[in-house]
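Engineer: A predicted structure for the sequence below; I have some questions about it.
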Amino acid sequence: MSRDDTLAGVDSRIVDTGRLDTHFLESGGNDRATDGGRTIVCLHGNVSSSRFFEDVLAALPGRHRAIAPDLRGFGDSEPKPIDATNGLGDFVADVRALVAELGLENPVVLVGWSNGGGVAMRYAIDHPDDVAELVLVNPLSPYGFGGTKDIEGTPCFDDYAGSGGGIGNDGFVAGLANRDRSEEGRTAPRKVLRTYYVDPTHEFDDDREESYLTGMLDTATGDEHYPGSCEPSDNWPGIAPGETGVNNAISPKYCDLEAITEIDPDEKPPVLWIRGDSDQIVSNASLFDLGTLGRMGELPDWPGEDVFPPQPMVDQTRAVLETYADRGGEFEEVVFGNTGHTPHLEVPGDFMDRLEAVLHG
């Protein structure tokens, strides 16, 4: 059901797009952007929902039409299974259907955070004419999450062991499934929100924290959702990606967004890449990456730096965007200090200044 507790200026709706009963938040405009306004689509990350963009929608000037959907399996959208064998394709097709159903004016400004950044890149690859600008906020590496070892995205193993549904933390998944709102234990969702989604020095307003936590707890769990299925492997750490669920959709076995560099130069949207300098989730030493945990001694039998190093996620993104620019596109990298995985929540003023510059561009 739609929400009745949104921030002022933000509405909540559910529509049937023909693919998915999709819940989304919206602000500004009517059916079309007017008075110099833009059409903005904000895409949330893994284990989250549109609630993580609600503050952005509330802060945008009313002349802009903005929506933030709950992706399938998240928030209040229909929890249809995720086919990981097409990478992020299910999410892209769902968003595409929503844009069509709402009659949004193309091209849109796509704002993608974390996994949503990967969805935004895939959307631009599949539909470059319909994207005016890309704003990538601490985005997923173009080579997915886990199991690669250099800036070219070379897999550590041929079966992509060490990525996919098997790398989810059982305690964290159980906390989501049980809708645990406590802060007991380091894998409790609230503890993860406070410790890893933001720089540890940052504290949320109590009401907003409860909303973000709800956004996490509204994640569908299991083999078809989060974290997804897995297969046994002879390679460390003994698990390889399955074919369903979100963590498999972002495994490098199925998720390769390097094709963004191949968009025709006349169709390449400008890219603004925003990230926090203390991100612990998407970084060159992510605390959610098995290579990092192995190097720290947190996982047994780590095969070493030569075989399974931490994935250089930030360096991979920069290398792909530099190639993007070499091939006729343009990008700008903006790094916010003392900021973690959610710059739009941690430093909202600085974030909105950058976003407004894009919208005025």
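Structural biologist: Now that the structure is in, tell me what you want to look at.
Engineer: host element of Ala68?
Structural biologist: Following DSSP states H and E, one finds Ala68 within strand 65-69.
Engineer: Direction included, what does that strand pair up with?
Structural biologist: strand 21-27 (antiparallel), strand 39-43 (parallel) (DSSP bridges).
Engineer: Would you mind pulling the contact partners of the very next helix or strand once past the last one?
Structural biologist: The reference is to strand 39-43. Going down the chain from strand 39-43, the next helix or strand is helix 54-59, by DSSP H and E. For helix 54-59, the external contacting residues (C-beta atoms under 8 Å, 6 or more residues apart in numbering) are 6-10, 25-28, 42, 66-68, 111, 208, 211, 344-345, 348, 351-352, 355. No exception for glycine: its C-beta is placed from N, CA and C like everyone else's.
Engineer: Would you write a PyMOL line that selects the buried entries of these?
Structural biologist: To isolate the buried members of the contacts of helix 54-59 in PyMOL, using 16 or more other C-beta atoms under 10 Å:
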select buried, resi 6+7+10+25+26+27+28+42+66+67+68+111+211+344+345+351+352+355
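Engineer: ranges for the strands of the chain?
Structural biologist: Applying DSSP state E to the chain gives strands spanning 11-16, 21-27, 39-43, 65-69, 108-113, 131-137, 221-222, 226-227, 230-232, 239-241, 271-276, 331-336.
Engineer: mind checking how far the last one is from the chain centre?
Structural biologist: Right, strand 331-336. Offset of strand 331-336 from its chain centre (C-alpha atoms, centre = their mean, to the nearest Å): 17 Å.
Engineer: from now on call the first residue 28
Structural biologist: Noted, 28 is the first residue going forward, which turns the last one into strand 358-363.
Engineer: any idea of the angle that strand forms with strand 158-164?
Structural biologist: 30 degrees (axes from the mean of the first three to the mean of the last three C-alpha atoms, to 10 degrees).
Engineer: Quick check: end-to-end length of stretch 200-216?
Structural biologist: Length of stretch 200-216, first residue to last, C-alpha to C-alpha, to the nearest Å: 9 Å.
Engineer: Now that stretch: buried residues?
Structural biologist: With burial defined by 16+ other C-beta under 10 Å, the residues of stretch 200-216 counted as buried are Val200, Gly202, Leu203, Asp207, Ala215, Pro216.
Engineer: now those residues in JSON lines, with pLDDT and distance to Asp353?
Structural biologist: Formatted as JSON lines, these follow (pLDDT from 0 to 100; distance: C-beta to C-beta, whole Å):
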{"residue": "Val200", "pLDDT": "98", "distance to Asp353": "41"}
{"residue": "Gly202", "pLDDT": "98", "distance to Asp353": "44"}
{"residue": "Leu203", "pLDDT": "98", "distance to Asp353": "41"}
{"residue": "Asp207", "pLDDT": "98", "distance to Asp353": "47"}
{"residue": "Ala215", "pLDDT": "98", "distance to Asp353": "45"}
{"residue": "Pro216", "pLDDT": "98", "distance to Asp353": "41"}
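Engineer: between these, which is nearest Glu270?
Structural biologist: Relative to Glu270, the closest of these is Val200; by C-beta to C-beta it sits at 18.5 Å.
Engineer: Next, the contact list for that closest one, please.
Structural biologist: Thr248, Tyr253, Pro254.
Engineer: let's see 7 Å
Structural biologist: The contact partners of Val200, by C-beta atoms under 7 Å, 6 or more residues apart in numbering, come to Thr248, Pro254.
Engineer: Report the separation between it and Pro264.
Structural biologist: In this view, Val200 and Pro264 are 17 Å apart by C-beta to C-beta, to the nearest Å.
Engineer: again, but for Gly272
Structural biologist: Separation of Gly272 from Pro264 (C-beta to C-beta): 18 Å.
Engineer: Check Phe335 too.
Structural biologist: Separation of Phe335 from Pro264 (C-beta to C-beta): 9 Å.
Engineer: Spell out the residue ranges of the helices in this protein.
Structural biologist: Ranges of helices in the chain, per DSSP state H, are 81-86, 116-129, 142-153, 197-204, 216-219, 233-244, 273-276, 317-322, 340-353, 370-373, 375-387.
Engineer: Take those and lay them out in TSV including distance to Val74.
Structural biologist: Shown next, in TSV, are the helices of the chain (distance: least, C-beta to C-beta, whole Å):
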stretch	distance to Val74
helix 81-86	16
helix 116-129	14
helix 142-153	9
helix 197-204	7
helix 216-219	8
helix 233-244	5
helix 273-276	9
helix 317-322	18
helix 340-353	17
helix 370-373	15
helix 375-387	21
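Engineer: Spatially central residue in this protein, please.
Structural biologist: In the chain, the centroid-proximal residue (C-alpha atoms, centre = their mean) is Asn142; its distance is 2.1 Å.
Engineer: Show the contacting residues for it.
Structural biologist: Asn142 neighbours (C-beta under 7 Å, 6+ apart): Gly72, Asn73, Leu167, Ile277.
Engineer: Pick the one among the residues you listed closest to Ser313.
Structural biologist: In terms of C-beta to C-beta, no member of those lies closer to Ser313 than Leu167, at 11.0 Å.
Engineer: Please report the distance of the closest one from Trp140.
Structural biologist: Relative to Trp140, Leu167 is positioned 10 Å away (C-beta to C-beta).
Engineer: Sweet, I'm off.
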